[in-house]
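Asker: here you go, sequence then predicted model.
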Amino acid sequence: MNDARFADADPAPLALMASDADDLTVISALVQDSVLPVSEIAYDRRHRQLALLLNRFRWEDAEHARREERAYERVRSVLLISDVQKVQSDGIDRKDGDLILALLALKWQPGQDGAGRLLLEFSGDGTLAVDAECLNLELRDVTRPYIAPSRKEPSHPGA
């Protein structure tokens, strides 16, 4: 009988939290190249939460797909930011329900006493700036992976 290998397991959905800059670096890498319509961004002022429903490229599976010569995958994921005090957008028409955004990076700008600003940077120079009491976000896969419609790995020519 052969020993089981981690790579033989079914892909488990991601469920990660970030409460510091190191955690955020990991989540930022995993959400890079996620796409979403602007209509999938919801700010709940009363509960102080901002939620984005992403079509996340599965970077954690990309090397396996390349090696096995199979299609790349995406998965629907929720990015939930808590302890939100204010949300501002720049370069994003939040009233254009047909607008598709491509998330490039998450960046934390620390402020006083643990508070700070989380920047969600999108292609085309769009940014959401989230003032928060502290860095408190979750990334959770909410569907099974599906074949990426392009069947390709995202690329950034000239980067």
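Answerer: Great, that's in hand.
Asker: only C-alpha atoms for contact and neighbour calcs from this point on.
Answerer: Will do.
Asker: for the spatially most central residue of the chain, list the residues it contacts.
Answerer: Geometric centre of the chain, nearest residue: Val31, 3.1 Å, by CA atoms, centre = their mean. Contacts for Val31 (CA atoms under 8 Å, 6 or more residues apart in numbering) come out as 56-57, 103-105.
Asker: same question, Leu79
Answerer: Counting by CA under 8 Å, 6+ apart, Leu79 makes contact with 51-54, 137-140.
Asker: swap in Gly116?
Answerer: By CA under 8 Å, 6+ apart, the neighbours of Gly116 are 108-110, 131-135.
Asker: tell me the one of those nearest Ser123?
Answerer: Using CA to CA, Trp108 comes nearest to Ser123 of those, at 17.8 Å.
Asker: helices along the chain, start to end?
Answerer: Counting by DSSP state H, the chain has helices at residues 21-31, 59-68.
Asker: just say which of the ones you listed is most tucked in.
Answerer: Ranked by mean neighbour count, the helices of the chain are led by helix 21-31 with a mean of 17 (mean count of other CA atoms under 10 Å).
Asker: quick one: average pLDDT of that helix?
Answerer: When pLDDT is averaged over helix 21-31, the result is 97.
Asker: then that helix to CSV, C-alphas only?
Answerer: The C-alpha coordinates for helix 21-31 follow below in CSV (Å, rounded to 0.1, in the frame of the first residue of the first chain):
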residue,chain,number,x,y,z
ALA,A,21,0.4,42.6,7.0
ASP,A,22,1.9,39.1,6.5
ASP,A,23,-1.5,37.5,6.4
LEU,A,24,-2.6,40.1,3.9
THR,A,25,0.3,39.4,1.6
VAL,A,26,-0.8,35.8,1.3
ILE,A,27,-4.5,36.7,0.6
SER,A,28,-3.4,39.5,-1.8
ALA,A,29,-1.5,36.9,-3.9
LEU,A,30,-4.5,34.5,-3.9
VAL,A,31,-7.0,37.2,-5.1
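Asker: and that helix with helix 59-68, angle?
Answerer: Inter-element angle recorded for helix 21-31 and helix 59-68: 50 degrees (by axes from the mean of the first three to the mean of the last three CA atoms, to 10 degrees).
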